[in-house]
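A.B. asks: Kindly return the folded structure for what I paste below:
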Amino acid sequence: MKKSFLLSILFTSLALNSTAGDYDPAKAISLDEHDTLEAFDHTRVDAHAPIGVMGDHLHHEGEMMLSYRYMRMDMRPNFVGSDEVTAQSQLRPNGGNFMIMPTDMQTEMHMVGLMYAPSDEVTLSFMLPIIDKTMDHITAAGTNFTTATNGIGDFKFGGLVKLYEQENVKGHLNLMISAPTGSVQETGFVAPAGQVIRLPYPMQLGSGTWDFRPGVTFLGQNGNFSWGSQLLGTVRLGENNENYSLGDDITANIWGALKLSDSVSTSLRLSGTSWGDIDGRDPLIAGPVPTADPSIQGGERIDLFYGVNYLFTNGALKGHRLAVEAGKPLYQDLDGPRLGMDWMMTVGWQKAW
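C.D. replies: Next up, the predicted model:
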């Protein structure tokens, strides 16, 4: 797959990091903790990344933060490469290769998070998702049907480790593990088959594998403007019990935020993601539908997001953070036919003690 867009995002991110604050490692080492903490204001409304970014900040020793995120993704229409195609055009009577085609998919996720800092250098992070998926289909006979799954997804845990903090710039490593708590044996009634069968790969709730999720994150402030960049990856550690592993992935984010007041900031974020096809095959996932074909599940996408953040600065809710971020793809190239992304939204709450 083409990855030129990811390279351009990464080069931009690296250039931004290298120029912000004229970073000098020797100077970073010489700065004492008091100076660095005064330079980067951790209490600002824009001190956190947009709510759609995970693992974006560390906490001080002994501090804890609870968070809740609600995420919604709507996927439609189908793509082959970067070209939109209708579901009907991919059906066998119309010259396509399939007897069933997905027409749209909705995913809702409730993510509960906990962060705790045993020291100023390390913050532990724990995230548990609850997922609800529905997918609509059309058959070669012109009938429609829907499948649905819901339950716990893969539990993620690990640590964020400080790299440096110099003047108005700081950075840390993201070292996370994903445990296979999400089901990969979800079933449902499929009308054309006339029975309950194991549902295709996109309808499963987890990866079924232990996954390593390394990354690096940078944050900076300059006046009323703040910025950040993050590179995250997922490496599948082996094969699951159903004889396959999802493709590895890599995501690059860059964002900027404008502090409008002590309580309000707005943000823009550019995100690029690339992910591979499935390696192996679940023998119980089969059928004349593209979602059952492990060789056409990869792709790449660039998304643009706009966000608003609100920090309560007075009263009983002082210190509570509310945020919303929504976005749409600018570009997507999929090993299709498969459903492309239409739009995404995240609404969240955070509170540190």
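A.B. asks: The host helix or strand of Tyr164 pairs with which strands, and in what direction?
C.D. replies: Secondary-structure assignment from DSSP states H and E places Tyr164 in strand 155-166. Here strand 155-166 has these sheet partners by DSSP bridges: strand 122-139 (antiparallel), strand 169-179 (antiparallel).
A.B. asks: ok, then the element right after the shortest one?
C.D. replies: Per DSSP H and E, the first helix or strand lying C-terminal to strand 169-179 is strand 187-190.
A.B. asks: Shouldn't Gly295 be within a helix?
C.D. replies: One correction, residue 295 is Ser, not Gly. Yes. Assessed with DSSP: H, G, I helix; E, B strand; the rest coil, Ser295 lies in a helix.
A.B. asks: quick one: low-confidence ranges for the stretch 1-150 of the chain?
C.D. replies: Applying pLDDT under 70 to the stretch 1-150 of the chain flags residues 1-38.
A.B. asks: How about the contacts made by Asp279?
C.D. replies: Arg236, Glu239, Tyr244, Ser245, Gly247, Pro294 (CB atoms under 8 Å, 6 or more residues apart in numbering). The way it works is simple: take the backbone N, C-alpha and C, and place the C-beta from them, glycine included.
A.B. asks: In PyMOL, how would I select just the buried ones from these?
C.D. replies: A single PyMOL command selects the buried members of the contacts of Asp279 (16 or more other CB atoms under 10 Å):
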select buried, resi 236+244+245+247+294
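A.B. asks: If the residue lying closest to Trp353 once chain neighbours are set aside is in a bridge, with which residues?
C.D. replies: With sequence-adjacent residues excluded and distances taken as CB to CB, 6 or more residues apart in numbering, Trp353 is closest to Met64, at 5.4 Å. Counting by DSSP bridges, Met64 forms beta bridges with Tyr116.
A.B. asks: residue contacts, Met64?
C.D. replies: Leu114, Met115, Tyr116, Ala117, Ala352, Trp353.
A.B. asks: Check Asp46 too.
C.D. replies: Contacts of Asp46 (CB under 8 Å, 6+ apart): Gln221, Ser226, Ala257, Leu258, Lys259, Ser265, Ser267, Asn309.
A.B. asks: Likewise for Asn243?
C.D. replies: Per CB under 8 Å, 6+ apart, neighbours of Asn243: Gly280, Arg281, Asp282, Pro283.
A.B. asks: pLDDT at the residue lying closest to the second one once chain neighbours are set aside, what is it?
C.D. replies: Of all residues not flanking Arg281 in the chain, Pro294 sits nearest, at 5.2 Å (CB to CB, 6+ apart). Predicted confidence (pLDDT) at Pro294: the value is 97.
A.B. asks: surely Pro294 meets Tyr201?
C.D. replies: Yes. Counting by CB atoms under 8 Å, Tyr201 is a contact partner of Pro294 at 6.8 Å.
A.B. asks: intersection of neighbour lists for these two?
C.D. replies: In contact with both Pro294 and Tyr201: Ile278, using CB under 8 Å, 6+ apart.
A.B. asks: quick revisit: adding mean neighbour count, write the strands paired with strand 155-166 out as CSV.
C.D. replies: CSV is the format used below for the strands paired with strand 155-166 (neighbours: other CB atoms under 10 Å):
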stretch, mean neighbour count
strand 122-139, 19
strand 169-179, 21
